[in-house]
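**Student:** Please find the sequence and the predicted model below.
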Amino acid sequence: MTSTPRKKIVIGITGASGAPYARRLVGLLRDRDDVELGVCISQTASEVWALECGGELRESIGVPVWGVRDYKAPFASGSAGWHAMAVVPCSMGTAARIAHGISDTLLTRAADVMIKERRSLLVVPRETPLSVVHLENLTALARAGAVVLPAMPSFYGKPATLDEALDTVIARVLDHLGLEHDLVRRWGAR
Ligand SMILES: Cc1cc2nc3c(=O)[nH]c(=O)nc-3n(C[C@H](O)[C@H](O)[C@H](O)COP(=O)(O)O)c2cc1C
């Protein structure tokens with residue numbers, strides 16, 4: 001009997017506000033049989049995580065986290081054949097580095113690999129307002145083939161809790177990672 005190969009997905013977490021998005025996404029992906037998960041972080045991610053989620057990121061996220069500059073991670077190379085990456089949340093600093101090919105950490109290198117291998121790269125930026133510099137960097141990412149999926153919750157589904165509001169964004173991330181889910185009721189569905 002042959003089993004369906006698992007989808008290899010990298011989640012990169014940066015120091016933008018929005019650590020609860022990352023916690024929710026990783027929590028969903030780590031329990032899926034159809035996903036092989038890799039997690040990498042920026043230097044600042046732990047600081048924001050502690051403030052927004054409480055506790056130490058590495059101790060509370062529930063999956064192994066690669067070192068900030070540990071290029072031994074398989075997804076640091078295109079030859080390992082990882083399928084998709086989502087940077088959640090994505091700071092403007094990381095967006096700028098990825099847009100300009102500055103692969104100075106495992107996270108930015110992994111994103112660079114996704115772009116060069118024509119794999120799926122999703123960036124979930126969180127900043128407001130957006131300057132021309134930010135917009136140009138995000139445009140460069142979109143031109144390079146990335147999906148720019150801002151951390152902007154929607155309200156037409158009437159989310160009643162913070163978690164439900166987070167899920168309006170996470171649902172779209174899962175859609176773009178090509179993963180089935182029933183996190184939110186789809187528009188037009190009965
Ligand atoms: C509490 C906190 C919230 C922050 N929120 C944001 C944010 O929403 N967007 C952003 O681009 N930077 C934000 N920053 C600033 C980034 O953490 C900072 O620019 C950092 O250098 C980004 O590094 P990284 O891209 O390597 O994670 C925040 C910093 C802190 C401490």
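**Tutor:** That came through fine. All values reported here derive from a predicted model rather than from experimental measurement.

**Student:** Scan this structure for its longest helix.
**Tutor:** helix 162-176 (DSSP state H).

**Student:** Which elements pack onto that helix?
**Tutor:** helix 19-29, strand 84-90, strand 120-125 (3 or more Cβ pairs under 8 Å, 6 or more residues apart in numbering; DSSP states H and E). Every residue, glycine included, has its C-beta placed from N, CA and C.

**Student:** Dump the ones you listed into JSON lines; add mean pLDDT, distance to Thr44 and mean neighbour count as well.
**Tutor:** Supplementary listing: the helices and strands packed on helix 162-176 in JSON lines, determined by pLDDT from 0 to 100; distance: least, Cβ to Cβ, whole Å; neighbours: other Cβ atoms under 10 Å:
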{"stretch": "helix 19-29", "mean pLDDT": "98", "distance to Thr44": "11", "mean neighbour count": "21"}
{"stretch": "strand 84-90", "mean pLDDT": "98", "distance to Thr44": "11", "mean neighbour count": "28"}
{"stretch": "strand 120-125", "mean pLDDT": "98", "distance to Thr44": "15", "mean neighbour count": "24"}
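
**Student:** Helices of this structure, start to end?
**Tutor:** Using DSSP H, helices in the chain cover 19-29, 45-52, 57-60, 92-99, 106-116, 132-143, 162-176.
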